[in-house]
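Trainee: Okay, here's the prediction I keep looking at, along with the sequence it came from:
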Amino acid sequence: MTTRWLTPEEQRAWRAYMAASRLLEDAIDRQLQQEGGMPHLFYSVLANLSEAPDRRLRMTDLAETLKITRSRLTYVVTRLERDGLVRRENCRWDKRSSLAVLTDEGVAVLERTAPGHVETVRSTLFDRLTPEQVGQLEEICTGIARGLQGEDDAAGAEDVPWRRRSSCSSSPASP
């Protein structure tokens, strides 16, 4: 098999993407830590629950929305639960599932934190782009996400984070 090395243009684009994505995530995390005492992923859980009917989602659906493993989501929800921002409930229609539910305290934290978060997203990303570039960014990111989620290849659909099993859950003795 021959390695398909990146062209100089692709290498520059890759490095620019990596630098921008790391700096953007750092800026967002710093703002959310300072104003909300939480990392971006925790905020994203609260925000997604706030947009869901009755402020509740099945854990599996939330993991898919966030594009993370179920075990990582379980860790995050446990931490948010400990802080009183989220609670878990049994799922009445799917006995194998549980629901993550945004509490009133979680709503209050989200309402306090959202304005600063939106301003950070705007100032670090959208204020630097033209309206045409915003459309291009959406198109590019949507195409990449579709490919990585296996929408272009049915075989790849099983290797997305929210469907992966952790290495320790594959043994029969695991809970």
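Mentor: Yes, it's here.
Trainee: Return the residues in contact with the residue nearest to the spatial centre of the chain.
Mentor: For the chain, the residue lying nearest the average C-alpha position, counting by CA atoms, centre = their mean, turns out to be Leu66 (3.2 Å). Leu66 makes contact with Leu41, Ser44, Val45, Asn48, Leu73, Trp162 under the criterion CB atoms under 8 Å, 6 or more residues apart in numbering. C-betas here are computed from N, CA, C, even on glycine.
Trainee: now do Leu49
Mentor: Listed by CB under 8 Å, 6+ apart, the contact set of Leu49 reads Arg55, Arg56, Leu57, Leu62, Val86, Ala100, Val101, Leu102, Gly106.
Trainee: What helix or strand is it located in?
Mentor: helix 40-51 (DSSP states H and E).
Trainee: hmm, who's touching the helix or strand following that helix?
Mentor: Moving toward the C-terminus from helix 40-51, the next helix or strand (DSSP H and E) is strand 56-58. Under the contact criterion CB under 8 Å, 6+ apart, strand 56-58 has outside partners Asn48, Leu49, Thr65, Glu89, Cys91, Asp94, Ser97, Ser98, Leu99, Ala100, Val101, Leu102.
Trainee: could you give the mean pLDDT of strand 56-58?
Mentor: Mean pLDDT, computed over strand 56-58, is 94.
Trainee: what's the lengthiest helix in the chain packed up against?
Mentor: Ordering each helix of the chain by length in residues (DSSP state H) puts helix 8-36 first. Contacts of helix 8-36 with other secondary structure elements, assessed using 3 or more CB pairs under 8 Å, 6 or more residues apart in numbering; DSSP states H and E, are made with helix 40-51, helix 104-124.
Trainee: In it, which residues are buried?
Mentor: Using 16 or more other CB atoms under 10 Å as the test for burial, helix 8-36 gives Ala27, Ile28, Asp29, Gln31, Leu32, Glu35, Gly36.
Trainee: quick one on the thing from earlier: just the buried members of the contacts of strand 56-58?
Mentor: Buried residues within those, defined by neighbour count using 16+ other CB under 10 Å: Asn48, Leu49, Thr65, Ser98, Leu99, Ala100, Val101, Leu102.
Trainee: least confident pick among those?
Mentor: Comparing pLDDT over the buried ones among the contacts of strand 56-58, the lowest reading goes to Ser98, 91.
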